[in-house]
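> Task: produce atomic coordinates for the following.
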Amino acid sequence: MNEGSPQALTAGQARRLNEAFSLLQQGKADDALSIALNMTKQVRRSPDAWHLLALGHKAKGNSPDALEAFQQALALAPANPHILGNYANLLKSLGRIDEALPFYRRAVQASPAFVQGWINLGLAELDTRRTAEAQAAFERAVALEPRSSSAWHGLGNAKRASGDLQGAENAFCKAVELAPDRGPAWVNLGVVVRLLGRPAEALPLLERARKSGFTGPELLDAESAARIDLGEIEEALAVIRRLTKTAPWYAPGHEMLAHLLWEYGDLFPAEEDPLAAFRQAANEQPGNGPVQLAFLRFLVDAKRAEEALERVRILRGTDSSPALAIFEANVLDTLGQAQASAPIYEQLYEQGMREASFLNAYTRHLLRTGRWDAAAARAEEAARLDRNNQEAWGYLGTTWRLLDDPREYWLNDYDRAISLVEVEPPNRFASQDEFKAALTATLDRLHKARREPVNQSLRGGSQTQGRLFGRPDPVIADAQLGITRAVERHIATLPDDPGHPFFGRKGRSINFVGSWSVKLWSSGCHVNHFHPQCWMSSAYYVSPPPSVAGNAAAQARWIQFGQPPEELNLELEPRRIIQPKAGHVALFPSYMWHGTVPFEDAEPRLTVAFDMLPVP
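Just a heads-up that it's a prediction; the model follows:
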């Protein structure tokens with residue numbers, strides 16, 4: 001390393017250095033690198049010369065030399081925001097984002113007015129799912145430079161990740177206002193508008209992205225999703241097929257095609273195996289990690305765990321990534337081979353794997369194998385790591401129940417945390433029955449799928465596509481308004497407990513982060529599950545069939561809480577059962593196990609469900 005204070009450049013050397021930076025910007029990395037090498041020999045203690053050398057090596061793909069040059073530059077100028085930021089960019093490009101984050105933070109600490117530094121920090125925070133920190137960084141960038149389209153675009157992505165879709169729409173609108181040719185911002189605006197329940201409005205926004213010259217696969221991805229939401233299934237299929245043909249490396253395209261064929265396949269003249277094209281793509285791209293993992297997940301969801309195990313073992317022969325190791329352990333557990341999965345979980349944990357998703361999988365394995373104390377320890381670790389991780393709290397409540405730990409009742413509080421609240425019908429309807437008839441007719445038109453989604457809790461039914469609330473339909477808008485008021489009344493009754501993962505997060509109102517309708521047919525049910533991405537969840541009963549809405553003799557078919565899924569082999573009974581009532585909404589913490597058992601009836605069970613995040 002260089003020792004001593006930084007060395008100043010002569011006027012001629014400074015001009016030469018600026019010429020080199022200009023050459024680098026023009027893509028003439030060889031010429032810039034040649035100048036940088038000479039400069040670092042002439043002026044050994046110039047941080048700018050070492051910075052130029054680092055950027056030259058990076059441009060040529062010489063990562064080890066670039067890292068060494070950056071370290072020399074930082075030894076001479078440890079608070080230079082541009083050197084810190086560019087060093088962080090290199091670390092991020094090498095997949096070392098956890099190492100990059102402290103340097104991004106140091107860059108903006110050294111120069112609080114460094115707009116690009118705040119943007120880069122926000123992007124890095126987003127990549128590591130620190131959405132609150134990302135939003136704060138982008139808000140700082142926007143405050144410093146209100147006309148930065150990049151800053152507004154980043155803020156939109158952060159707000160979307162946090163569930164604030166309306167805030168995301170506003171930010172993306174500002175981004176495209178400031179830079180009308182910013183294709184990715186038009187795509188993201190279209191995606192958010194669709195997620196807000198306005199797929200018809202999304203299509204012209206996506207067309208603006210196309211006219212700007214944007215050709216990324218995200219464009220066709222977003223268009224196909226919007227067309228599915230609009231019920232244009234054949235058009236959506238054509239768009240997805242074009243996507244998988246033009247971007248075969250793009251995993252979400254293959255996932256969407258498989259999901260569409262799974263749910264709607266029998267609508268088409270020649271019924272197609274939903275897994276066939278996906279399997280072919282995986283076979284043709286053995287080195288494409290995202291495609292391989294996406295296909296493995298779909299196989300498990302489609303109850304093809306044996307094939308998934310065979311494939312993941314082949315992949316692990318040439319790929320030592322932890323993601324594949326975790327996947328193999330999870331599949332082994334699914335197949336009841338806990339003895340084979342145990343060494344994999346143990347080894348990964350001993351090697352320092354501490355991501356919440358892994359800890360949750362390890363907890364699930366320990367529950368299956370009866371190691372309840374160890375399961376509680378891993379679940380507590382996951383909850384400490386990610387305070388709002390619903391899966392961790394769901395498993396933790398189960399372990400406390402198994403250990404007769406009274407904290408189970410503190411966490412789940414089956415009396416106060418679960419409520420059945422009446423939703424008042426809109427004033428323009430004479431009665432609850434009249435509103436029920438109108439809402440039923442509206443929802444029936446949206447239920448076009450012939451099969452349940454492959455990766456959801458329902459069995460023997462259909463689920464509407466996209467976001468239900470926000471659609472330009474007056475009956476749905478009436479339902480949303482009535483439900484919002486009912487939820488706010490319920491929130492006002494919740495106790496104050498700042499340390500509680502549910503009660504401690506309550507606010508004055510809620511944002512809907514997902515909303516859909518489910519129609520269960522006779523023999524249909526919801527397997528016991530929780531909702532991982534939110535705070536409070538629900539089931540609004542539009543028209544429960546007679547066999548469900550009957551007297552206490554029918555309670556086996558009511559909604560039940562506190563019973564873990566069958567695959568954990570715990571044989572625990574529900575802690576509370578609630579009778580569905582038309583025009584009422586069941587509200588409960590998202591981490592709480594809930595489900596139904598199959599019913600027999602000529603009439604379907606029609607519900608609206610939605611997930612919520614608190615609004616302060």
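
> Tell me where the stretch 1-150 of the chain is predicted with low confidence.
1-4 (pLDDT under 70).

> hang on, isn't D473 packed against R445?
No: the criterion here is Cβ atoms under 8 Å, and D473 misses it with R445 at 9.4 Å. For glycine as for every other residue, the C-beta is placed from the backbone atoms N, C-alpha and C.

> what about those two, which has more around it?
D473 (17 against 10; other Cβ atoms under 10 Å).

> where's the more buried one relative to P425, distance?
Using Cβ to Cβ, to the nearest Å, D473 is found at 16 Å from P425.

> How about A79?
64 Å.

> same thing with T484?
Using Cβ to Cβ, one obtains 14 Å as the distance from T484 to P425.

> Neighbour count for those two, which is higher?
Using other Cβ under 10 Å as the criterion, T484 and P425 rank with P425 on top: 20 against 17.

> Quick one: residues contacting that one.
Going by Cβ atoms under 8 Å, 6 or more residues apart in numbering, P425 touches 431-432, 434-435, 478, 482, 583.

> Helix, strand, or coil at it?
Three-state assignment for P425 (DSSP: H, G, I helix; E, B strand; the rest coil): coil.

> cool, and N511?
Using three-state DSSP, the structure places N511 in strand.

> just to revisit the earlier point, out of the contacts of P425, which is most surrounded?
F435 leads these on contacts (other Cβ under 10 Å) with 23 neighbours.

> continuing past the helix or strand hosting that one, what's the next helix or strand?
F435 is part of helix 432-446, with elements assigned from DSSP states H and E. Following helix 432-446 in sequence order, the next helix or strand is strand 458-463 (DSSP H and E).

> gap between the helix or strand that that next one is followed by and the chain center?
Downstream of strand 458-463, the first helix or strand assigned by DSSP H and E is helix 474-493. Relative to its parent chain, helix 474-493 has a centroid offset of 26 Å by Cα atoms, centre = their mean, to the nearest Å.

> Restrict helix 474-493 to CA atoms and write it as PDB.
Output of helix 474-493 as PDB, limited to C-alpha atoms (Å, rounded to 0.1, in the frame of the first residue of the first chain):
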ATOM      1  CA  PRO A 474     -68.700   0.300  -9.300                       C
ATOM      2  CA  VAL A 475     -69.700  -2.900  -7.400                       C
ATOM      3  CA  ILE A 476     -66.100  -3.800  -6.700                       C
ATOM      4  CA  ALA A 477     -65.500  -0.200  -5.600                       C
ATOM      5  CA  ASP A 478     -68.500  -0.400  -3.300                       C
ATOM      6  CA  ALA A 479     -67.100  -3.600  -1.800                       C
ATOM      7  CA  GLN A 480     -63.700  -2.100  -1.300                       C
ATOM      8  CA  LEU A 481     -65.000   0.900   0.500                       C
ATOM      9  CA  GLY A 482     -67.300  -1.100   2.800                       C
ATOM     10  CA  ILE A 483     -64.500  -3.500   3.600                       C
ATOM     11  CA  THR A 484     -62.000  -0.600   4.300                       C
ATOM     12  CA  ARG A 485     -64.400   0.900   6.800                       C
ATOM     13  CA  ALA A 486     -65.000  -2.500   8.500                       C
ATOM     14  CA  VAL A 487     -61.200  -3.100   8.800                       C
ATOM     15  CA  GLU A 488     -60.700   0.400  10.300                       C
ATOM     16  CA  ARG A 489     -63.400  -0.300  12.900                       C
ATOM     17  CA  HIS A 490     -61.600  -3.600  13.700                       C
ATOM     18  CA  ILE A 491     -58.200  -1.900  14.000                       C
ATOM     19  CA  ALA A 492     -59.600   0.600  16.500                       C
ATOM     20  CA  THR A 493     -60.400  -2.300  18.800                       C
END
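
> Now do the end-to-end distance for stretch 74-85.
Start-to-end span of stretch 74-85 (Cα to Cα, to the nearest Å) is 11 Å.

> If you could redo that for stretch 453-462, that was the one I meant.
Start and end residues of stretch 453-462 are separated by 7 Å (Cα to Cα).

> now stretch 301-321
End-to-end span of stretch 301-321 (Cα to Cα): 22 Å.

> remind me which residues of the protein are low pLDDT?
Scanning the chain for pLDDT under 70 picks out the ranges 1-4, 267-270, 456-458, 522-525, 547-557, 599, 602.

> how about the strands in it?
Counting by DSSP state E, one finds strands in the chain at the ranges 419-422, 458-463, 509-526, 536-543, 559-561, 576-578, 584-589, 594-595, 605-615.

> Next, count neighbours for R45.
Neighbourhood size, R45 [other Cβ under 10 Å]: 17.

> quick one: it and A8 touch, right?
No: if you go by Cβ under 8 Å, R45 and A8 don't touch, sitting 9.3 Å apart.

> Mutual contacts of the two, please.
With Cβ under 8 Å, 6+ apart as the test, R45 and A8 reach no residue in common.

> Would you map out the domains in this protein?
Following automatic domain parsing, the chain resolves into domains at 23-76, 78-175, 419-615.

> mind putting those domains in TSV, distance to G12 included?
TSV is the format used below for the domains of the chain (distance: least, Cβ to Cβ, whole Å):
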stretch	distance to G12
domain 23-76	11
domain 78-175	22
domain 419-615	59
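
> Tell me which of those sits nearest to Y264.
Y264 lies closest, by Cβ to Cβ, to one member of the domains of the chain: domain 419-615, at 5.8 Å.

> quick revisit: just tell me which of the domains of the chain ends up closest to A281.
So among these, domain 419-615 is nearest, using Cβ to Cβ, at 16.8 Å.

> And that closest one, how far out from the chain middle?
When distances are taken as Cα atoms, centre = their mean, domain 419-615 is centred 21 Å away from the chain's centroid.
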